[in-house]
Structure formats: C-alpha cells, structure tokens
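Trainee: build me a model from this:
(one chain, ligands or ions: 1)
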Amino acid sequence: MKILVTGGAGYIGSHTVLLLLTNGFEVVVLDNLMNASIESIRRVEHLTGKKVSFIKGDIQDKTALTSLFNEHAIDAVIHFAALKAVGESSTIPLEYYQNNVHGTLCLLEVMANLNINHFIFSSSATVYGGENAVPYEESMPLGEASSPYGASKVMIERVLKDLAQSNLDFRAVCLRYFNPIGAHESGQIGEDPKGIPNNLLPYVAQVAVGKRERLQVFGDDYSTEDGTCERDYLHVMDLAEGHVAAVNWLQKNSEFTGVEAFNLGTGKAVSVLSIIKAFEQASQQKVPYTIAPRRHGDLPAFWANAEKANKQLGWRATRDLTQMMTDTWRWQSNNPEGYPK
Ligand SMILES: NC(=O)c1ccc[n+]([C@@H]2O[C@H](COP(=O)([O-])OP(=O)(O)OC[C@H]3O[C@@H](n4cnc5c(N)ncnc54)[C@H](O)[C@@H]3O)[C@@H](O)[C@H]2O)c1
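Mentor: Numbering: from 1, shown residues only. As a prediction, this is how the structure comes out:
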C-alpha cells in the first residue's frame, strides 16, 4: 500500500513516516520545507534502511499534485502539511487560511479529480473550543475556535464532512491530537522549531541545553492543582502509531464511508510545573523559569477521552511521562542546534 504523506518532513510527519516504513507501507512525502529540513527524511531512511520518495513542493500547487498522483499509485493520503503556531495565526490570519484551508482544498480537489478517496487529517483538540466540558469526547459539537489556526482545523473538518456527503466513496479520518511531545528513541529525529519555540517542551529543552535563558510560565493562578495550565501530553511515537492504526482501520473497514473523528491523547492532564519537574529529573539539568501573566485564550485544563480510539482503532498511548522527557532530552542534547542547517 502506498501512502502520500504531506508535511512528512516535519515533526509528527517524520515520526509517522518512520513507522509507516517499518510497518511495510511505501511512502511518498510532499513537503515544501517551510518548517522542516530534508535531513529528517535522510535520517528516517537511515534508521529504517528504506527509501522515501521525497518531492519538494506545495500542497497549493495543483499541477505538481496532479503529476505526483499520476506518477505514484497512491492508496491513501495522510495530511500533516500546515502552519501550526496558534499565537502567530492571530498575527497573520490570511497566511493561515491560505496555507491550511486553501491548501487542503487544492489537495482534496486533485484527489477528487483522480478518484483517490482515503484521507487522514491532522486535526487538533483545539476544535473543541472552550465551551465543551472536559474530558473532550468526539460526540461533542465543535466549539468556537479561539484562533485562526483552530478555525482552520474546524473549517477543514466541516469541508471533509460535506465532501463525504457529496461523494459516497470518500472515506476520511480526523485525528484530533492533544499535545504531542517527545522524540524517536534513537535521538536522531525530533522537534526542530525554527526561531523561538511556540510549544512548551521544545522551549524547556532549549533552556536545559543552554540555548535560552529561562522559561516563562504563563499564569499560576488557574483553578488547577498547582495553579498552572494542564494539558494532555502524549509521546509522538504513540501519536505516529495512531496514524498507522487509522490506515489499517480504513483498509479493514471497507464498508465504512464518511468521516470519523478520533481523539489521540492519554486521557490524563499534566501541569506546566509538573512537566518542568519531570524534565529536570530525566535530564539532570536545571530549567530556570519565571511566572508571567496569563496568555489570552489559554484554557486552564483539557484532556482527552481516548476510549473511542481504543475501542475502534485498537490504539492506546503506552509511553509514560518519563519516557517523553528522556526521549526529548536525548534528541535535544544530541542535536542542540536541531538538524544541520
Ligand atoms: N505539534 C502539535 O502540537 C500539533 C497539535 C495538533 C495538531 N497538529 C497538526 O499536526 C500537523 C503536523 O504538525 P507538526 O507539529 O509536525 O508541524 P511541522 O511544522 O513540524 O510539520 C508541518 C510540515 O508541513 C510542511 N508544510 C507546511 N505548509 C506546507 C505546504 N503548503 N505545502 C507543503 N508542505 C507544507 C512544513 O514544512 C512541515 O514540514 C499540522 O497539521 C498541525 O496543525 C500539531
């Protein structure tokens, strides 16, 4: 089975490509490298001893997409390619809608023209918004997204639903990720943000390795156990396994049509201060931090009910917090500057 992975050179994409290869899938990666390095693909090839067909290109380029699909007999598409920084999306909303929404429409249009009907979409817990009670369940209505990034995910989920109603052969899975962290246990591939990291763990890791002076913890007066925000962190390799499970599920359930959403999380919430402590323990490094004011739009705490993925996909996150921290530190200390530039 041949899979097109858009954004496959990025953080979650590269870990998923690795696992697809070790599970016997053929993989084609399309990535414009706007937030990734080709070195991630080289390392995946080295780790697996298998070849990836890599195409440098943009999902908005319908001509390039058409020739890619004509050249490769693609059975399913896993669609990671997107801009993903929540804060930045409020500053440059048009870029986010253009890249994420318009880019996905281009991809879906070319797929429809060529009758390619299996689609796995990188959605996010952010689609639940602040209105729903925790833990989030897939049956809940989608919320009012608090950022253009979140809105782009809500819009795409809606597009997929409408598309599936118009084309009964179309079969899609929306995987709603909670907070992926960690790295492959080899320490060879991991998260390599350009510029100042937007997510907590890469920031913590860069402070620990001496690249940044201190961490800012946004708010310690939330109604949580220690006053800091709580999130459902899951290991990126568990997340990658969720994608393989989704591909297998689509393949096995040939009678299924439509769109099915699954939460991928551990079902547990961990506070920012607990993350710092766990990271210090795993790395034996100090992570200096200061408490800063709350950030607009941050919710106090959310986590997944991940039972549906367990029951239907046979998936469960198995790696614990210590492993998430140890693997992050191995990647960061082996690659203090990320991939070679
Ligand atoms: N990392 C998270 O915390 C998180 C949480 C929920 C959902 N997601 C979603 O998961 C997906 C992957 O996230 P990630 O953390 O691996 O991000 P990433 O930035 O590491 O990966 C995205 C990849 O897509 C590529 N890309 C972006 N726009 C493109 C375009 N127009 N054409 C071709 N390639 C393009 C980038 O170069 C990059 O390699 C994204 O859709 C993101 O929104 C991420």
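Trainee: how many neighbours does residue 89 have?
Mentor: 21 (other C-beta atoms under 10 Å). Backbone N, C-alpha and C define where each C-beta goes, glycine included.
Trainee: what do you get for residue 340?
Mentor: Counted with other C-beta under 10 Å, residues neighbouring residue 340 total 7.
Trainee: does it touch residue 40 like I think?
Mentor: No - contact criterion C-beta atoms under 8 Å: residue 340 and residue 40 do not qualify, at 11.1 Å.
Trainee: and residue 89, that's in a strand?
Mentor: No - residue state for residue 89 (DSSP: H, G, I helix; E, B strand; the rest coil) corresponds to helix; a strand is not indicated.
Trainee: leaving out chain neighbours, which residue sits closest to it?
Mentor: residue 149 (3.7 Å; C-beta to C-beta, 6 or more residues apart in numbering).
Trainee: now do the SS call for residue 206.
Mentor: Criterion first, three-state DSSP; result for residue 206: helix.
Trainee: now name the helix or strand holding residue 13.
Mentor: In this structure, residue 13 sits in helix 11-22 according to DSSP states H and E.
Trainee: now do the contacts for the residue in the chain that the ligand sits nearest to.
Mentor: Of all residues in the chain, residue 10 sits closest to the ligand, at 2.1 Å by C-beta to the nearest ligand atom. Residue 10 sits next to 31, 35-36, 40, 80-81 when contact means C-beta atoms under 8 Å, 6 or more residues apart in numbering.
Trainee: report the rounded mean pLDDT for whichever strand or helix holds residue 150.
Mentor: Assigned by DSSP H and E, residue 150 falls within helix 148-166. Mean pLDDT, helix 148-166: 98.
Trainee: could we number from 654 for the rest of this?
Mentor: Renumbered: residue one is now 654, and that last one reads helix 801-819.
Trainee: who touches that helix?
Mentor: Residues contacting helix 801-819 (C-beta under 8 Å, 6+ apart): 735-739, 741-743, 746, 749-750, 753-754, 757-758, 761, 765, 772, 774, 776-777, 779-780, 782, 795-796, 798, 823-825, 827, 910-912, 914.
Trainee: how does it look with 7 Å?
Mentor: Here helix 801-819 makes contact (C-beta atoms under 7 Å, 6 or more residues apart in numbering) with 737-739, 742-743, 746, 749-750, 753-754, 757-758, 761, 774, 776-777, 779-780, 795, 798, 823, 825, 827, 910-912.
Trainee: sheet partners, orientation included, of the helix or strand that it is followed by?
Mentor: Moving toward the C-terminus from helix 801-819, the next helix or strand (DSSP H and E) is strand 824-830. Here strand 824-830 has these sheet partners by DSSP bridges: strand 771-777 (parallel), strand 911-917 (parallel).
Trainee: distance to the ligand for those - can I get that in CSV?
Mentor: Formatted as CSV, these follow (distance: least, C-beta to the nearest ligand atom, whole Å):
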stretch, distance to the ligand
strand 771-777, 4
strand 911-917, 9
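Trainee: could you count how many residues lie near the residue nearest to residue 742?
Mentor: Neighbours around residue 802, by other C-beta under 10 Å: 23.
Trainee: mean neighbour count and mean pLDDT for the strands paired with strand 824-830 - can I get that in TSV?
Mentor: Converted to TSV, the strands paired with strand 824-830 look like this (neighbours: other C-beta atoms under 10 Å; pLDDT from 0 to 100):
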stretch	mean neighbour count	mean pLDDT
strand 771-777	23	98
strand 911-917	22	98
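Trainee: would JSON lines of the ones you listed with distance to residue 952 be doable?
Mentor: Listed next are the strands paired with strand 824-830 as JSON lines, based on distance: least, C-beta to C-beta, whole Å:
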{"stretch": "strand 771-777", "distance to residue 952": "13"}
{"stretch": "strand 911-917", "distance to residue 952": "16"}
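Trainee: which bits of this protein sit near the ligand?
Mentor: Proximity of the chain to the ligand (C-beta under 6 Å from any ligand atom) is limited to residues 659-660, 662-666, 683-689, 711-713, 733-735, 737, 752, 756, 775, 777, 830, 832-833, 852.
Trainee: name the element the residue nearest to residue 760 when sequence neighbours are not counted belongs to?
Mentor: In space, and not counting its chain neighbours, residue 760 is closest to residue 712: 5.0 Å by C-beta to C-beta, 6+ apart. In the assignment (DSSP H and E), residue 712 maps to no helix and no strand.
Trainee: and the gap between residue 816 and residue 801?
Mentor: Relative to residue 801, residue 816 is positioned 22 Å away (C-beta to C-beta, to the nearest Å).
Trainee: and residue 730, its phi and psi?
Mentor: According to degrees, to the nearest 10, the main-chain angles of residue 730 amount to phi -120, psi 130.
Trainee: make a PyMOL selection of the buried ones in the contacts of helix 801-819.
Mentor: The buried subset of those, as determined by 16 or more other C-beta atoms under 10 Å, is captured in PyMOL by this line:
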select buried, resi 737+738+739+742+749+750+753+754+757+758+761+774+776+777+779+780+795+798+823+825+827+912
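Trainee: list phi and psi for the residue of the chain most remote from its centre.
Mentor: The outermost residue of the chain relative to its centre, with distances by C-alpha atoms, centre = their mean, is residue 874 at 28.7 Å. Per-residue torsions, residue 874: phi -120, psi 30 (degrees, to the nearest 10).
Trainee: which SSE is residue 968 in?
Mentor: Taking DSSP H and E as the definition, residue 968 sits outside all helices and strands.
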